[in-house]
Structure formats: structure tokens, C-alpha cells
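Undergrad: sequence first, predicted model second:
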Amino acid sequence: MAFQPADSLKNRTFFGLIVAQFLAGFNDQAIHAASMFYAIHQQVLTEAQAIALMPILFYAPWAIFCTIAGHLADCRSKTIGLRRWKMAEIGISLVLLAGFYLCTVFQIKLLGVLLVLSTVFMMGTHAAFFAPAKYGAMPEILQPHILSRGNGILESTTFLAAILGTVSGGFLSYVFRDSEYWIGWILLGLSVIGVGASYLIAHLPAASPDRKLPRNIFKPLFDNLRVLLHARPLALSVLGIAFFIFMVSYMRAVMYMHGQSRNPPWDELRTSLVVACVALGVGLGSPLAGYLSGGKIELGLVPLGCLGMMGAAILAALTINHDLALIVALIIIGFFSGFYMVPLYTLLQHRAPKRSKGELIATSNFINVTGAIAASLLFFLLVNAAQTVGVAPMVEQTDLIAVGELIVIKKDKHGKPEAITIRPDKGKDKTFHVPPKIPFRGDVADFINELIEQMPNENEIEFDESLLEIFGGGVQEGSRVIVSSYTLGDVTRFRVRAEDSPLKTVYDYRRLPFYLFLGAALMTLVILVLLVRKLPDFFVRTLFWLRSLGRFRLKAVGMQNLPTVGPVILATNCDRLESSLQMVSATDRSTLFVLWENPSGREAAPVLRALANRSSLVEVSKANHQAWLAAHARAKKALHHGDLLAVTLNDHADDEVAALLADLRQGSAAPIVPVFCGVLLDPPPPPLSKGGKGGVANVRVVFGAPMSDGASLDDIRQEIRRLGAWIRQNDGTSAAAH
């Protein structure tokens, strides 16, 4: 029998996927970091070159192979795809191991380093093919009502793997210096374990086994872009996810700049650990967001996530020079990023057509890479703008302090210079010492205290980071060099360059991260405005979600019956403000609700009602003819824009509702989808207008199949009642219809 999506996270297939993808993510980042440090240690690349090259090697395959990766995820079993790429991970680890042995044991330096660097591209290719199968498999493994919770765990473990992989790559490079082949053996062992975990995943049938790869491999990319941007739920998710990747790249660049502008500058490990605080926050926020989403895609969390990220970015700007407070701000940014990201990833997985789910996720990855590139370009433009307007002022330098022959380069065990001696053309030899950077031993508070205690005073000397880059770039003993200096704050920094090289301009970037974090907050506000344009009732959903905490758990059923594009009329039994907003929050498209509210059950909730009336609610009554005229006008406008229109269908306004539906059917071909909203708990919780703890209700919103064009009001009502009876029989023993 074919595998059926599970209704619980406690199943073998989900566990196997989580373990397999965790080890894949760990190896991705560990190989990324270890290869970078190895190339620097072997003096094949400078630090600046390695930091710039590694992201290109890793992310280029995401753009190059996105069409093929998506095609394979759809036309073949995702289980087989996941297993094969886990096996490929073993091969990549063997290539890494061979590169380490060639360089370290057999002294074939260039070929060995090239093999090591090639594994970064290979792991990028692995990730490009693994991600569409991984994310595409989630809706096939888990039922829709627990998909958000599953995604919370998936994203949490993904970022945890990124943290541990990045830190472990640097740590292992430090421990196994000159014996790096042990790194290869360790990662090979983890790859083998990952393959074993992949065999816990049940066989998932191919979604489109008859689909063939077109000759023009870029045509599906453009076709999928049109699909993603045309369907509002998909456009909403893709736009939001791309912005998240954009912000991750942007903030990483800001933190690297901030670390290099400190006195003394942060080393790579410390900068990586501070940047990892964002990933730590995501690891905390993602599973919580999945849990709070309940049994549906809770888009109300997205504005909350945006507002949290904005506030935390402003806090980071204000505390930019206070390390502990900055770390707290970065963790908060990551925490609210989980609230922002989990609903959007779940929306993409759930609403992408089953036959092309892998292709659309791969296309989303292509957009994400474009977002990461855009972040780098924007950062470059902002830095140049800061130099032009004086936010990053030019620093005055003193040149020709010493001109002569570089006679001694003393290096540490990692191959980095720690002292140099220059024999000037006139005078005695001069020795310059590079003070060691403050090490990180695992305790953040002790690290910061040590940093404060060792802050240089006016009489101490600091060397610029370019010293290391120049030595890595080819300046050797016997080279003719020039020494210049400049003062930044209380620190004098010396710079060494080849005699035939011009003096490079130095800028003071210490103030710039403050403005860059404020820019991050502003960009988050801009994306929030853009998302609200896609879904105008975003804030209504957020406020209603906050009001509903501890009162009911909502599960959406039959979402596949709700089209992703085009106008749709939802005929529902909801006749109260609360039940109408329950139904709206279960949808993932912009919805206008024409509510005929039962006067005896009218709820106050003035703030929520006022906000809903401004965006997604039209209140009507039997005696108010003007309200019905306004409802006709707004309903036609909503359908004209391709939105959802929900209408209360009860026994009190037959003539008015019949006239409204007849009017709408004349000017629109919108299908009518019956929707039942009910509470599977007696008694239901207190209404919005009353306090009290009450019981926690299990609310079900059930979307039925579209009705035929000739269906009468009685036919639609009967179908709504049938949906209610079905959900009572299949999902509870009693129900109180709203």
C-alpha cells in the first residue's frame, strides 16, 4: 500500500528525514569552513580571497542546476533522490579525504588543495538537489494540520546543523592542523550514518513520473517563475522567503564589517560565533512557531515576526558597541525570524501543485540565491555611499615610516605572521609584533570581560588585517616593503605593502554598522508593507491569533479544494465575528467576508472589529438596505481583483443573500466553495466579548469541493451541513456549529 501522510510527528519517516538532513547540513558547513581554513593555511588563498570565493563555490550550483534539481524531485521518487544524494555525500567526503592526503602526506600541494576546494562546489550541488526533495517531501510525509509543526522542527535542526557545522569546521581545522585527513575521516563517518538514516524514509511515489526534461533547460525556470508570481499564496511565500535569505546575507556582511572595525579586530572564529547567534535564535523560534501555528498555516505570525525583527535590529543598532547586548539582539532577530519563516515555508510546500512541487521549490531556491547576491551588491553600494557622504570618513595616514628589505617573517603554528623585521635603507633594523587576537574559550561573558580588560590603550600598537593578506598574497623574506601607519581611536595601526604598491585609502567604519542595522529595520518595514499589499488582512490575522491563544485550536481541512488563483465565493455557516475570522485565518489568500451576524450573539471586540472592517469585513443586516448595497460593491471589487469572497449563508437573509449571489454570478465565473466552521467541544469557549478561562475548543474549518453552477441556496446549505456531519464523524464526537 502506498505511504500515507502521518498525522503525528512520531513516525519513522519524519525522524529519518530530520536526521538525514541534519547531517547533510552539518557536513555542508563543516566542509565549507574546513576547506576555507585549509586553503588559507596552505597559502593558496588569502583570507579575503577565501572568504569571497567560498560562497560563490557553494551557491553557484543552486542557480546552475535549479531546473534539473526540481525536475528530478518531481519525476522520480523523492525518497530515492534523498538516498542517492546521501550516498553522493560519501563520495564527496572521499574526495575531501583524498585532497587532504595528497597535500599533507604526499606533498602534492596544488592538486590536493584544488580537490579540497572542489568539495565545496560538490556540496553546493548536493544541497541544490537535496533541498527540493527534502522540502517537497514534507507535505507527502505529514498531514496538513501538522505540517507547520514539522517545518518548525525542520528549520530548527537545519540552523542548528549550520551552527555546529560552521563551528566544528573551524575547530577541527585548529585541532588537526597538518593532519587534516582526520577531518575527512570524521565527515566520512557522519556521511555513512546519514545514509543509514535515509533508509528510514518510506518510499514516496514520484509526483510526475511521465514528465520529461525539456531541451531548453531554462524554459521551466521562466515558466515556474510565472506560476510563483501569478498565484498570490505562492508569490507571498516566495517573496517573503527570498527576503529572509537576503537579510541573512546582509547581516552576515554587517557583522563581519563590525568585527573588523573593533579594537582589536575580532578573529574569524569569534565573528562566526557571534553571527551564529542569529541561527541560534532561529533554532529557538522555529519550533515554537510551528507549535503555535496549531493545525493550519498561521500567517498571522508573519507580521509578528517582522515587527520583532525590526525592533531587534533597532536594538542591535543602539547596542552595537556593547557585545553582550548585541548578542542578545541577534538572538532575538533569529527568534522572530522563525515566526516569520515557518508559515511562509509551510505555505510554499502546501500550496505548490503536487506534480511540480519540486520544481517550484527549486525555483524558489534560485530566487533565494538571487536575493543573496542582491544583498552583497546592496552592501557594497551602501559602503561606497557611506565613504562618499562621510559616514565612513577617510583616515589620515603617515607614509614611509620605514622603507627597506623584509628580512624576517616569524609565523605561528597556523602559518600567520606574528612578527616581522625590516632592514631600512637608513638606520637600525625595526621589528613589528602582531599582538595575538583574543581567543574565545566557550564562555561569552568571560570572553567579553577579557576583551574589555585587554582593550589597547594609547601606547599599544595594532596591525591592520591587510598585513596577513599581503603575506598570503606573495610578499616574502627579501622583498622590498614600505611601512605606513594611521591612528584609529586610541590605537596606532601599521600597514606593510610592497615597495611598488600605492598607498591604499583607509576608512573609519566604526559608525557604519549602526546605520546598517537601522537600514535592516527599514528594509524589514518595506517588506512588511509589500506583504500586506499581497494579503491586506495580515494584521487582522495577527490580532485574532493573539486573542485566540488558550481559547481554541484551529485545524483547516480540505485546503486542496481552495484554488490558489482566481476569484472564489466561499459560502459558509459562520454568523459571528469570531467564527468568520476563524474561517478567514484558515485561508491563505486575501479574503473579504460579507457577514450577516446573528444579533443575539453579537460580540463586542471593538478594536478587532474596527480593524477587520477596514480590511476584510463587511457587516450587513436584514433591515439595512444601504449596507447590502455597499456589500454588493465591495464584493464585486474583490472578485474582480481575483480575491476570495466569503458570504454568510443562514436562514435569516434568504432574499438578500440570493440577490447578492445572483448579482455576483452574472459578472463573474467564480466557483462557489461550501465551508463549514464548527467547534468539536461542548461547551465552546466564551465569546470574544467575555472573559473567563473556559475550555480550549477544537475548531474545524472544512472546505468542500466547488458546487455546480446551478446549485441553489438549499443545495449549498445541505452541503455545508454534510461537511459538518462528516467532520463530527471523523474528527470528534460532538460539535457545536458556529
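TA: Perfect, thanks for sending it.
Undergrad: which non-adjacent residue is nearest residue 16?
TA: residue 200 (2.8 Å; CB to CB, 6 or more residues apart in numbering). Backbone N, C-alpha and C define where each C-beta goes, glycine included.
Undergrad: enumerate every residue touching residue 563.
TA: residue 671 (CB atoms under 8 Å, 6 or more residues apart in numbering).
Undergrad: begin at 246 from now on, thanks
TA: In the new count, where the first residue is 246, that last one comes out as residue 808.
Undergrad: and it, that's in a strand?
TA: No. Looking at residue 808 with DSSP: H, G, I helix; E, B strand; the rest coil, it is coil, so not inside a strand.
Undergrad: now do the phi/psi pair for it.
TA: Dihedral pair for residue 808: phi -60, psi 150, per degrees, to the nearest 10.
Undergrad: same question for residue 452.
TA: phi -80, psi -40.
Undergrad: what is the helix or strand in which residue 879 is found packed up against?
TA: Assigned by DSSP states H and E, residue 879 falls within helix 870-885. Packing partners of helix 870-885 (3 or more CB pairs under 8 Å, 6 or more residues apart in numbering; DSSP states H and E): strand 836-841, strand 862-865, strand 889-893, helix 899-912.
Undergrad: check contacts around residue 608.
TA: 311, 315, 466, 469, 470, 473.
Undergrad: wait, isn't the last one in contact with residue 484?
TA: No. Contact status for residue 473 versus residue 484: not in contact, 9.1 Å apart, counting by CB atoms under 8 Å.
Undergrad: I'd like to know how many residues surround residue 893.
TA: Per other CB atoms under 10 Å, the neighbour tally for residue 893 reads 22.
Undergrad: ok, back up a step: would you mark the buried spots in the helix holding residue 879?
TA: Applying a neighbour-count criterion of 16 or more other CB atoms under 10 Å, one finds 872, 873, 876, 877, 880, 881, 883, 884 buried in helix 870-885.
Undergrad: now that helix, how far from the centre of its chain.
TA: Centre-to-centre, helix 870-885 and its host chain are 39 Å apart (CA atoms, centre = their mean, to the nearest Å).
Undergrad: the strand or helix carrying residue 651 pairs with which strands?
TA: Per DSSP H and E: residue 651 is located in strand 642-656. Sheet pairing for strand 642-656, assigned by DSSP bridges, gives strand 662-669 (antiparallel), strand 725-733 (antiparallel).
Undergrad: mean confidence for it?
TA: The average pLDDT for strand 642-656 rounds to 80.
Undergrad: can I get it as CSV, trimmed to CA atoms?
TA: C-alpha atoms of strand 642-656 as CSV (Å, rounded to 0.1, in the frame of the first residue of the first chain):
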residue,chain,number,x,y,z
GLN,A,642,47.9,58.2,7.2
THR,A,643,51.6,58.7,7.7
ASP,A,644,53.6,57.0,5.0
LEU,A,645,57.3,56.0,4.6
ILE,A,646,57.8,55.2,8.3
ALA,A,647,60.2,52.5,7.2
VAL,A,648,61.4,51.6,3.7
GLY,A,649,63.7,48.7,3.2
GLU,A,650,64.1,44.9,3.0
LEU,A,651,61.9,42.5,4.8
ILE,A,652,64.5,40.2,6.3
VAL,A,653,62.5,38.1,8.9
ILE,A,654,58.9,36.8,9.0
LYS,A,655,58.1,34.9,12.2
LYS,A,656,54.9,32.8,11.9
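Undergrad: what is the burial count for the closest residue to residue 488 other than its chain neighbours?
TA: Distances taken as CB to CB, 6+ apart place residue 772 nearest to residue 488, at 4.6 Å, with adjacent residues excluded. Residue 772 has 20 neighbours, counted by other CB under 10 Å.
Undergrad: next one: residue 772 relative to residue 579, how far apart?
TA: As judged by CB to CB, to the nearest Å, residue 772 and residue 579 stand 17 Å apart.
Undergrad: of all the contacts of residue 608, which comes closest to residue 748?
TA: residue 311 (44.4 Å; CB to CB).
Undergrad: residue contacts, the closest one?
TA: Taking CB under 8 Å, 6+ apart as the definition of contact, the neighbours of residue 311 are 373, 466, 607, 608, 610, 611.
Undergrad: can you pick out the most distant pair from those?
TA: Using CB to CB, the contacts of residue 311 span at most 13.1 Å, a distance reached by 373 and 466.
Undergrad: looking at those two, which is more packed in?
TA: Neighbour comparison, residue 373 and residue 466: the larger count goes to residue 373, with 26 against 17 (by other CB under 10 Å).
Undergrad: that one and residue 315 touch, don't they?
TA: No. In this structure residue 373 lies outside contact range of residue 315 using CB under 8 Å: 9.7 Å.
Undergrad: overlap in contacts, those two.
TA: Here residue 373 and residue 315 have residue 607 as joint contacts, going by CB under 8 Å, 6+ apart.
Undergrad: from the buried residues of helix 870-885, which is closest to residue 599?
TA: Within these, the smallest distance to residue 599 is 26.9 Å, found for residue 884 (CB to CB).
Undergrad: distance of that closest one relative to residue 955?
TA: Counting by CB to CB, the separation of residue 884 from residue 955 is 19 Å.
Undergrad: also residue 360?
TA: Distance, residue 360 to residue 955, using CB to CB: 69 Å.
Undergrad: and if you look at residue 559?
TA: Distance of residue 559 to residue 955, given as CB to CB: 57 Å.
Undergrad: same question for residue 309.
TA: 52 Å.
Undergrad: residue 747 should be in a strand, yeah?
TA: No. The assignment for residue 747, made by three-state DSSP, is coil rather than a strand.
Undergrad: returning to what we had before: export the contacts of residue 608 to TSV and tack on pLDDT?
TA: Listed next are the contacts of residue 608 as TSV, based on pLDDT from 0 to 100:
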residue	pLDDT
311	81
315	83
466	75
469	77
470	79
473	75
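Undergrad: name the nearest of the residues you listed relative to residue 765.
TA: Nearest to residue 765 among the contacts of residue 608, counting by CB to CB, is residue 473 at 25.3 Å.
Undergrad: keeping just the C-alphas, turn the helix or strand encompassing the closest one into CSV.
TA: In this assignment (DSSP H and E), residue 473 forms part of helix 464-475. In CSV, the C-alpha atoms belonging to helix 464-475 read as follows (Å, rounded to 0.1, in the frame of the first residue of the first chain):
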residue,chain,number,x,y,z
LYS,A,464,12.3,27.3,-20.0
PRO,A,465,10.9,25.6,-16.9
LEU,A,466,12.6,28.2,-14.8
PHE,A,467,10.8,31.0,-16.5
ASP,A,468,7.5,29.0,-16.5
ASN,A,469,7.8,28.3,-12.8
LEU,A,470,8.6,32.0,-12.1
ARG,A,471,5.4,32.9,-13.8
VAL,A,472,3.5,30.3,-11.8
LEU,A,473,5.0,31.5,-8.5
LEU,A,474,4.4,35.2,-9.1
HIS,A,475,0.9,34.7,-10.5
